[in-house]
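Asks: Based on what follows, work out the 3D shape:
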Amino acid sequence: MSSLFDPYDLGPVHLKNRIVMAPMERSRARNSDWAPEADTARYFSQRAGAGLIVTGSIAISPWARTWAFEPGLYTPTQIAAWRHVANEVHDHGGVIFGQIRHGGRASHFSHQPNGQPTVSSTDTGATKAIAMAFDEDGKPAFLVQSKPRALRAEEVSQIVGEFAQAARNAREAGLDGVEIHAANGYLHDQFINGALNTRDDRYGGSIENRIRFTMETVDAVINAIGGERTGIRLSPFGRYNEMPAFEDEGETYLTLAAELSKRHIAYVHFSDQTRWADDVSIPENFLRAFRSAFQGPLILTGGYLKENGQAAIDAGEADLIGIGKPFLANPDIVERLRNDWPLNAWDSKTFYTEGPAGYTDYPLYVDEPARRASL
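Replies: Numbering: from 1, shown residues only. Next up is the predicted model:
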């Protein structure tokens, strides 16, 4: 039986264990270039004990921006900054994929070039969902997402090309691969969702049409950097960012899983929202059906730690286990879990702030008996 702490070969990428640092937004590109800063390299290198690190979301272009102080990967300055991050992680023995994203309507006009409207599959906006954006005084604030406009078909193709270029930029920067963020109510999810997507062109209507944008993106990224370096995040039955339920939701995601399986991509990252959202439920046996449809490596994230993570691996539900917030407060969480050492508590007040507090200052565990024995 495989252990959470056993090595795992993700195609050509060797992972030293099956624990994944899940992607989490930290709002740390606080400069005019929207580039990761020096403390970002330290933050990720501190957590290089993970088998795989997936960065927080990275904007693929100026109009993809979603969250205040989100880093980008579309300029030479940004590529150079990510190269510093990748080098630091590699120097500490880690593996790091960049999560590339277009937020679509889950954004705010203050993020858009010249304050233009956000975009989506249609012009239907969220009514309560928020984005960390900039108020009329230019100060960061949590604001209701702006009403979008529907993308034209040729613009969808343009965005596909921007994902492919961001993937090339990631590899140029030394990142080991990319994860396409098609989950949690961001742009791809806005096309996949059969209740939100009411288009009558080749990107709307049938399941095949609604997953077309996602599959075109996957194919373009595969062509750019190879399937073995391409992952994708999905959130079946997720309701984050006001994603509504729709009639053929299960069938849609199983169809998508089967199509992804044909591409032999690096992995699918399944975001299970049931443990942190009261309005989310996943049908019984759906995960097993998804596993059957997608034959490649599966990362499962959503409230997992040592015991339930190992149970998921034992049950054949996942190959790798993603851990989110506990990783923020415990850079050495792999060793803490391995040795059953206590965990630091995270400080939610510092999730989107600046400076070292709540970012690079969480302490490592000190095993006092072992330390004394070594004296």
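Asks: And the strands in the stretch 151-300 of the chain?
Replies: 177-181, 230-234, 267-271, 298-301 (DSSP state E, counting those that start in this stretch).
Asks: Need the single longest helix in this protein, by residues.
Replies: Counting by DSSP state H, the longest helix found in the chain is helix 153-172.
Asks: what's that one packed up against?
Replies: Under the contact criterion of 3 or more Cβ pairs under 8 Å, 6 or more residues apart in numbering; DSSP states H and E, helix 153-172 touches helix 76-91, strand 96-101, strand 177-181, helix 212-225. C-beta here means a position set from N, CA and C on the backbone, and glycine is covered the same way.
Asks: Out of those, which one sits most buried?
Replies: Each of those was scored by mean neighbour count; the highest is strand 177-181, a mean of 29, by mean count of other Cβ atoms under 10 Å.
Asks: Parallel or antiparallel, list what pairs with that strand.
Replies: Taking DSSP bridges as the criterion, strand 177-181 pairs within the sheet with strand 96-101 (parallel), strand 230-234 (parallel).
Asks: Just send those back as TSV, with mean pLDDT and distance to residue 335 too.
Replies: Below are the strands paired with strand 177-181 laid out as TSV (pLDDT from 0 to 100; distance: least, Cβ to Cβ, whole Å):
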stretch	mean pLDDT	distance to residue 335
strand 96-101	98	19
strand 230-234	98	25
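Asks: Mind putting those strands into TSV with distance to residue 248?
Replies: Formatted as TSV, the strands paired with strand 177-181 follow (distance: least, Cβ to Cβ, whole Å):
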stretch	distance to residue 248
strand 96-101	25
strand 230-234	15
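Asks: Residue 21 bridge partners, please.
Replies: Residue 21 forms beta bridges with residue 53, residue 323, as assigned by DSSP bridges.
Asks: mind listing the helices for the protein?
Replies: Per DSSP H, the chain carries helices over the ranges 38-46, 76-91, 153-172, 187-192, 207-210, 212-225, 249-263, 286-293, 306-314, 325-329, 333-339, 368-374.
Asks: so which of the ones you listed comes closest to residue 234?
Replies: Nearest of the helices of the chain to residue 234, taken as Cβ to Cβ: helix 249-263 at 6.8 Å.
Asks: hey, which of the strands of the stretch 151-300 of the chain is tucked in deepest?
Replies: strand 177-181 (a mean of 29).
Asks: I'd like to check what contacts it. Which residues are they?
Replies: 13, 23, 54, 57, 97-101, 163, 166-167, 170-171, 188, 214, 217-218, 221, 225, 228-233, 266, 269 (Cβ atoms under 8 Å, 6 or more residues apart in numbering).
Asks: quick one, the longest helix of the chain and strand 230-234 angle?
Replies: 120 degrees (axes from the mean of the first three to the mean of the last three Cα atoms, to 10 degrees).
Asks: shaky segments in the stretch 1-150 of the chain?
Replies: Judged against pLDDT under 70, the stretch 1-150 of the chain has no low-scoring part.
Asks: Can you list the residue ranges for strands in it?
Replies: Using DSSP E, counting those that start in this stretch, strands in the stretch 1-150 of the chain cover 8-10, 13-15, 19-21, 52-59, 96-101, 119-120, 130-134, 140-144, 149-150.
Asks: strands paired with the last one, and their directions?
Replies: Listed by DSSP bridges, the sheet partners of strand 149-150 and their directions read strand 119-120 (parallel).
Asks: repeat for the first one
Replies: Take DSSP bridges as the rule and strand 8-10 pairs in its sheet with strand 13-15 (antiparallel).
Asks: contacts for the strand it pairs with?
Replies: Contacts of strand 13-15 (Cβ under 8 Å, 6+ apart): 7, 8, 9, 51, 52, 95, 176, 177, 228, 229, 266, 320.
Asks: buried sites along it?
Replies: 13, 15 (16 or more other Cβ atoms under 10 Å).
Asks: what do you get for stretch 343-356?
Replies: Those would be 344, 346, 350, 351, 352, 353, for stretch 343-356 by 16+ other Cβ under 10 Å.
Asks: Is it correct that the fifth one is in contact with residue 25?
Replies: Yes: judged on Cβ atoms under 8 Å, residue 352 makes contact with residue 25 at a distance of 7.3 Å.
Asks: need the contact list for residue 95.
Replies: Taking Cβ under 8 Å, 6+ apart, one finds 13, 14, 15, 50, 51, 52, 53, 89, 176 in contact with residue 95.
Asks: ugh, wrong one, residue 163
Replies: Counting by Cβ under 8 Å, 6+ apart, residue 163 touches 60, 100, 102, 180, 217, 220, 221.
Asks: Please name the residues that touch the residue nearest to the second one when sequence neighbours are not counted.
Replies: What it means is residue 100. Computed as Cβ to Cβ, 6 or more residues apart in numbering, the closest residue to residue 100 that is not its neighbour in sequence is residue 166, at 4.7 Å. For residue 166, the contact set (Cβ under 8 Å, 6+ apart) comprises 58, 60, 61, 73, 74, 100, 178.
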